[in-house]
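Visitor: Got a predicted structure here, sequence first:
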Amino acid sequence: MTRQVDSEFVRTVGENVRKMRRQRGMTVQQLAEASGVSRRMLTQIELGQANPSLITVDKIARTLATDFASLTQTGDDEALSVTPADRATVVWSSVSGGRALLHVSAQERGGPELWTWRLTPADRYRALPDTPGSEELFLVTEGQLTIETVDAGTATLQAGDAARLASDREYTYVNRGQRDCSFVRIVRVRP
């Protein structure tokens, strides 16, 4: 599976990484060493030339003492902010047509993020642990979603089923069904 993200996401993440790194008085080399992301990759991300994985963006965010959503925000701080359907950010996609869209996130660090996901049959997405106390909520709207964890077991949800996951552990989303799986995901990462 190959993941592709849209160019607006890549540009926004790059600008925010550069801005936050400079605000913290860090060089690219210092951020690379602290995050475990190569200096070359960080430079490409800051220039909007890299297509970083969710895991890479998350590593950078943690090192900068922020969260994933903060690196993807465009700075809109209106009391009411609407994201049109065609402006949702494609953050992950597979060659078979699966994808993850980040629709909107709260302004405050660690605030909730609203996502929709579609996994085609046999799609899988592996995530690294979030910070302790982080959670995700799921509502399956179509098909079947299997959530696998390294230490809390496995659950298979059908359309209409909901779940809560303490996401401070490795976990994987899998579509083991014969048709597409769609679900809504709300993420709350503890700062």
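Guide: Alright, I've got the coordinates. Since the model is a prediction, treat every value here as computed from it, not as a measurement. Numbering: from 1, shown residues only.
Visitor: Residue 104 - that's part of a strand, no?
Guide: Yes: under DSSP: H, G, I helix; E, B strand; the rest coil, residue 104 falls within a strand.
Visitor: Quick check: bridge partners of it?
Guide: Judged by DSSP bridges, the bridge partners of residue 104 are residue 114.
Visitor: give me every residue that touches it.
Guide: Contact partners of residue 104, counting by CB atoms under 8 Å, 6 or more residues apart in numbering, are 81, 83, 113, 114. Using the backbone N, CA and C atoms, a C-beta is placed for each residue, glycine as well.
Visitor: Tell me if I'm right that the last one and residue 100 touch.
Guide: No: with contact defined as CB atoms under 8 Å, residue 114 and residue 100 do not form a contacting pair (11.6 Å).
Visitor: Which one's more surrounded, the two?
Guide: Taking neighbours as other CB atoms under 10 Å, residue 114 and residue 100 compare with residue 100 leading, 22 against 17.
Visitor: contacting residues for that one?
Guide: Contacts of residue 100 by CB under 8 Å, 6+ apart are 54, 90, 91, 92, 93, 115, 116, 117, 125.
Visitor: what's near enough to touch the residue nearest the centre of the chain?
Guide: Geometric centre of the chain, nearest residue: residue 54, 5.1 Å, by CA atoms, centre = their mean. For residue 54, the contacting residues are 3, 68, 91, 92, 100, 127, by CB under 8 Å, 6+ apart.
Visitor: give me that answer again for 6 Å
Guide: Residue 54 sits next to residue 92 when contact means CB atoms under 6 Å, 6 or more residues apart in numbering.
Visitor: what are the phi and psi values for it?
Guide: According to degrees, to the nearest 10, the main-chain angles of residue 54 amount to phi -60, psi -40.
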